[in-house]
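Q: Quick one, fold the following:
(chains A and B)
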Amino acid sequence: MTGNSVLSVGDLRVTYRTHGRSVPAVRGVSFEVAAGETVGVVGESGCGKSTMAMALLRLLPGTAEVTGTVVFGGEGGDDVLTMRPGPLRAVRWAGMSVVFQGAQHVLNPVQSIGRQIAEARVAHQLSNDPTVGTGLLESVGLTARHAHSYPHEMSGGQKQRVMIAMALACDPQLIIADEPTTALDVMVQAQTLELLRRIGRERGLAMLFVTHDLTVLRTVADRILVLYAGRIVEQGPARDVLDDPMHPYTVALSAASPIIGDPRSRFAPSSLAGDPPDPARLPSGCSFHPRCPRRVEGCDTVGIELRRLSTARAAACVHVVDEGSP
Amino acid sequence: MTRLLRGLRRDRAGLSGLIVLGLFALLAVAAPLLASRNELRADAGRGRVSLAAPSSDFLLGTDELGRSVAAQLVWGARVSLYIGILATLIAVVVGSVIGLIAGYSRGWLSSLVLAVDDFVLVVPFLPLAIVLAVVLGRSPTTMALVIGATSWAGSARLVRAQVLTLRERGYVERAITLGAGPAHVLRRHIVPGVVPLIIANATLIVPGAILAESTLSFLGFGDPFAPSWGKMLDGAQSSGAITLNAWWYYLPPGLCIIAVVVAFTLVGRALERIVDPRLERS
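A: Just a heads-up that it's a prediction; the model follows:
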């Protein structure tokens, strides 16, 4: 554990229990987020990335059983998973805040934007100075005038900016961005990413950026975790993971988007056959083996733990040569 | 609120209901100017002809004690509206609180509250109301209490259903995420969402409460010192006004009850249409 980590997650497991069945959605994820660092979490739909993000603030429904540790606030910080309701509410938003996907549904249609941005400060008994709200709006590229607007009067991109302003309302140390650009068109997506990156830098914020789009992480992330079937299958510095992916799944993910400047890649779209496995019926051995192009003898029986390549990089694949235990 | 009023102005049925209600409210407020309260006393009609037909002295004739029917009708508007509105307030407040608890809490509390609600919903109204009226004594206020205490279950159901849909909205999830406690979520996001529904529902409970009051009074559980329209019908029935064809005694209170009930229903339906856009299309 490094001294300056804001968030330290140890062996996080989330299992949904419904109708007597148990569905493991997250299966032992460990990682850290350092102060000021942006960690990207990438994976297909259904790989457990949103479940993992929501588990960090205990926002999952009662049917989800969460184990492991989520230590917030560096060394000597408290475990979010065992906190009492009072301290938990204090950590929510003032410690870790969330930029949700689909701002459309997350804003109350009958309340003005200014009132909704102030809501977090009201809930945390902070000063209710209206200039704080307008300052936040201006910092995300909106104007003070927008405080009097209602959600239906704004565009999708503006609403997403409001979500970011809202996330900043209580000066958190960490922002969890759960697919913040998913519902936006490409231009607005780029602007929103740029905004998030700028604000992260300016305020020295740590960020956990959850997305299914690996290319998005090129803009924002310092480090990347690749999630598959509820486990980290590869992790490392963003540039290394993007330019030189080790795990066949990461290779397939990055091959799914064309490389600008390389015309050949546009005519040879490589996509991965099949869907991510049903968490209720996980394949034996390596969860990825039924879809893996580099499958070898034994992949369907022996599960592979993360193998460390260097101090920063690790991947869970038989083809990766272990250079010391993780 | 402004949306409700604006919508009501465009709804012809609702508007006419509102006008009728306004007239009755004026009647109730202006009662002391229109008729002397002494006219309600049992000895007020001494020396007069009982069950006299309408004349210039008594616009709606007299009752079996020789008292002015018109005076009773004017004062009865007060009692009937007072009981109807107070009973509705009680029913709506109790129903909303119960509905909020049933809808927002989880686990045993929700089940318990819902079970109580179901119980009140299935208990037959009249026997329960009669027992309560006997136990609590006779006055317009206790009458309102009795009616209110027996008619909140429907609104509780309605509020609960609305709360169940509101609590799953994204902005409620956001509020919880930003560290808001249940009190904040309820006050900020849930209650504002159910208030229009409650207002519309209240206007639909009033006619039921007025009818309930009339029923109880007609059955003899009303306050003889504060005659409502229902009590007048009771008097007409027991004095034989109906067999004697003294229509001026039983027709006016009956028509007033019908007019107020219909007016409230029209306004309530109009509000419901405004609050719930789905009804407008059908």
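Q: Write out the residues of the stretch 51-200 of chain B neighbouring chain A.
A: Residues of the stretch 51-200 of chain B lying close to chain A (C-beta under 8 Å from any C-beta of the partner chain) are B:106, B:169-171, B:173-181, B:184, B:188-189, B:192-193. In short, each C-beta sits where N, CA and C put it, glycine included.
Q: Show me which of the residues you listed are buried.
A: For these, a neighbour count by 16 or more other C-beta atoms under 10 Å in any protein chain shown gives the buried set as B:169-171, B:173-180, B:184, B:188-189, B:193.
Q: Just to be careful, could you list which of those are in helices?
A: The helices, defined by DSSP state H, take in B:170-171, B:173-177, B:184, B:193 from these.
Q: Of the buried ones among the residues of the stretch 51-200 of chain B next to chain A, which is the nearest to residue A:105?
A: residue B:170 (3.4 Å; C-beta to C-beta).
Q: What sits closest to that closest one if chain neighbours are left out?
A: Leaving aside its chain neighbours, residue B:170 sits nearest to residue A:105 (3.4 Å; criterion: C-beta to C-beta, 6 or more residues apart in numbering or on different chains).
Q: again with residue A:102
A: Ranked by C-beta to C-beta, 6+ apart and with sequence neighbours excluded, the top spatial neighbour of residue A:102 is residue A:183, at 5.5 Å.
Q: Does the one you found touch residue A:105 like I think?
A: No: between residue A:183 and residue A:105 there is no contact under C-beta atoms under 8 Å: 9.9 Å.
Q: Would you mind naming what in the stretch 101-250 of chain A lies close to chain B?
A: Proximity of the stretch 101-250 of chain A to chain B, by C-beta under 8 Å from any C-beta, involves residues A:102, A:104-108, A:110, A:116, A:119-120, A:122-124, A:166, A:169-170.
Q: most neighbours, which of the residues you listed?
A: residue A:166 (29 neighbours; other C-beta atoms under 10 Å in any protein chain shown).
Q: would you say that residue is within a helix?
A: Yes: applying DSSP: H, G, I helix; E, B strand; the rest coil, one finds residue A:166 inside a helix.
Q: Hmm, residue A:114 and it touching each other?
A: No: in this structure, residue A:166 is not within contact of residue A:114 by C-beta under 8 Å, at 10.9 Å.
Q: Could you list the low-pLDDT ranges of the chain?
A: If you meant another chain, say so; for now it's chain A. A:1-3, A:258-271, A:322-326 (pLDDT under 70).
Q: that's the wrong chain, I meant chain B
A: Along chain B, the model assigns pLDDT under 70 to residues B:1, B:276-282.
Q: Report the central residue of it.
A: Compute the mean C-alpha point of chain B, and by C-alpha atoms, centre = their mean the closest residue is residue B:206, 2.4 Å away.
Q: Likewise for chain A?
A: residue A:210 (2.4 Å).
Q: give me every residue that touches residue A:63.
A: The contact partners of residue A:63, by C-beta atoms under 8 Å, 6 or more residues apart in numbering or on different chains, come to A:16-18.
Q: what about it, distance to residue A:230?
A: Residue A:63 is 16 Å from residue A:230, where distance means C-beta to C-beta, to the nearest Å.
Q: what number of residues lie near residue B:205?
A: For residue B:205, using other C-beta under 10 Å, the count is 27.
Q: sec struct for whichever residue of the stretch 1-150 of chain B sits closest to chain A, please.
A: Per C-beta to the nearest C-beta, residue B:106 is where the stretch 1-150 of chain B lies closest to chain A, at 7.4 Å. Under three-state DSSP, residue B:106 falls in the coil class.
Q: Going along the chain, name the helices of chain A.
A: A:49-55, A:85-91, A:103-106, A:113-123, A:130-139, A:156-167, A:186-203, A:214-220, A:238-243, A:248-255, A:263-267.
Q: So which of these is nearest residue B:21?
A: Taking C-beta to C-beta, helix A:113-123 is the member of these nearest to residue B:21, at 34.5 Å.
Q: residue boundaries of the helices in chain B?
A: So, for chain B - with DSSP H - the helices run B:2-10, B:12-29, B:31-34, B:69-104, B:108-122, B:125-136, B:140-150, B:153-166, B:170-177, B:182-185, B:191-216, B:229-238, B:247-275, B:277-281.
Q: Relative to residue A:200, which of these is closest?
A: Closest to residue A:200 of these, according to C-beta to C-beta: helix B:170-177, at 19.2 Å.
Q: what packs against that closest one?
A: Contact analysis of helix B:170-177 by 3 or more C-beta pairs under 8 Å, 6 or more residues apart in numbering or on different chains; DSSP states H and E lists strand A:96-99, helix A:103-106, helix A:113-123, helix B:182-185 as its packing neighbours.
Q: Any chance of JSON lines for the ones you listed, columns distance to residue B:165?
A: Conversion of those to JSON lines gives the following (distance: least, C-beta to C-beta, whole Å):
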{"stretch": "strand A:96-99", "distance to residue B:165": "23"}
{"stretch": "helix A:103-106", "distance to residue B:165": "13"}
{"stretch": "helix A:113-123", "distance to residue B:165": "20"}
{"stretch": "helix B:182-185", "distance to residue B:165": "14"}
